[in-house]
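J.: Prediction below, plus the sequence it came from.
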Amino acid sequence: MIILAALDDSTAAGPVLETAQRVANLLGVRVEAVHVRGAGTGAIAAAVADAARVPLDVREGDVVSELRSAIHDHDAMALVIGARGGTPGAAPAGHVALDVVQSFEDTIVVVPPDATDGRLRRVLVAVEGDGESAGLRRLFDRLGDRPLPEVIALHVIEPSDVPPFADSPVHEANAFEREFRIRVASGLLTDASQVRFEMRVGDAADALRDATLELHADLVVLAWHRDLSGGHGRLVREMLARGSIPVALFALDDPA
């Protein structure tokens, strides 16, 4: 199996390939790259792939269609793509990235152009209030018996959903957190110490973005329904537009 890095012809190609290599090292798989020719010459994509000694598949045509074909042809387990180009004034989240994340059932890792290089040491996973997390479950399935990075399960409580801790606020808040940890670990982890649990109160998108900085996360994992229409997928949209670290998206209807 491989991780496929989609390289455009901008300076964003470097962070995309570096992130693909970091994810591949974590999972113990290889990296290959693909470039779909557009207005540029393809020289930057070729130079980035050549410097890393990664094979580059050059294609022509509709970007989304060609990337879909490339995933199939390379039998890729995940696609790594830039959130936007590396040129000044680029849109917060490029239309290609938005089209890809909504139309692909495969795992997609979206990389901001200013992502820094380094080992994936700390992964932040968004967890629902009922303790269920398709993202956390999928992450452990992908890692198998490989060495784990530090995994942080984050649950954000909207202010209107904070339980009433009237009699003993500290005691009841601690009890609520313990119950939450049990719900997360139940049926998923044989050893709850594999995961560090964090809770925040506030707007979900703002709290998640702030937590990535505060906790020094190297990767954010989100599970979602691949729908950004009508206000859906706000957490994903905000992280792609304003986040500063790569985001791994697992489609909830992805059977793999």
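T.: Received it, and whenever you're ready, just let me know what you need. Numbers count the residues shown, from 1 in each chain.
J.: Where does pLDDT dip in the chain?
T.: The model of the chain has pLDDT under 70 over residues 39, 85-93, 128-133, 161-193, 253-256.
J.: mind giving me the domain split of it?
T.: Domain ranges of the chain: 2-111, 122-251, per automatic domain parsing.
J.: For stretch 148-155, list every residue counted as buried.
T.: 149-155 (16 or more other CB atoms under 10 Å). (Each C-beta comes from the backbone N, C-alpha and C, glycine too.)
J.: I should have written stretch 19-28 there, sorry.
T.: Buried, per 16+ other CB under 10 Å, within stretch 19-28: 19-24, 26-27.
J.: Arrange those residues in TSV, one row each, with secondary structure as further columns.
T.: Output for those, formatted as TSV (DSSP: H, G, I helix; E, B strand; the rest coil):
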residue	secondary structure
Thr19	helix
Ala20	helix
Gln21	helix
Arg22	helix
Val23	helix
Ala24	helix
Leu26	helix
Leu27	helix
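J.: Redo these as a markdown table? Include distance to Asp99.
T.: Converted to a markdown table, these look like this (distance: CB to CB, whole Å):
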| residue | distance to Asp99 |
| --- | --- |
| Thr19 | 20 |
| Ala20 | 20 |
| Gln21 | 25 |
| Arg22 | 25 |
| Val23 | 21 |
| Ala24 | 24 |
| Leu26 | 27 |
| Leu27 | 25 |
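J.: Run through the residues that contact the residue nearest in space to the middle of the chain.
T.: Most central in the chain under CA atoms, centre = their mean is Ala248, positioned 1.6 Å from the mean C-alpha point. Neighbour list for Ala248: 23, 78, 107-109, 139, 219-222 [criterion: CB atoms under 8 Å, 6 or more residues apart in numbering].
J.: a strand runs through it, doesn't it?
T.: Yes: per three-state DSSP, Ala248 lies within a strand segment.
J.: Okay, Ala211 and Val127: tell me how far apart.
T.: Distance, Ala211 to Val127, using CB to CB, to the nearest Å: 12 Å.
J.: Between these two, which is the more surrounded one?
T.: Neighbour count, other CB atoms under 10 Å: between Ala211 and Val127, Val127 has more, with 25 against 20.
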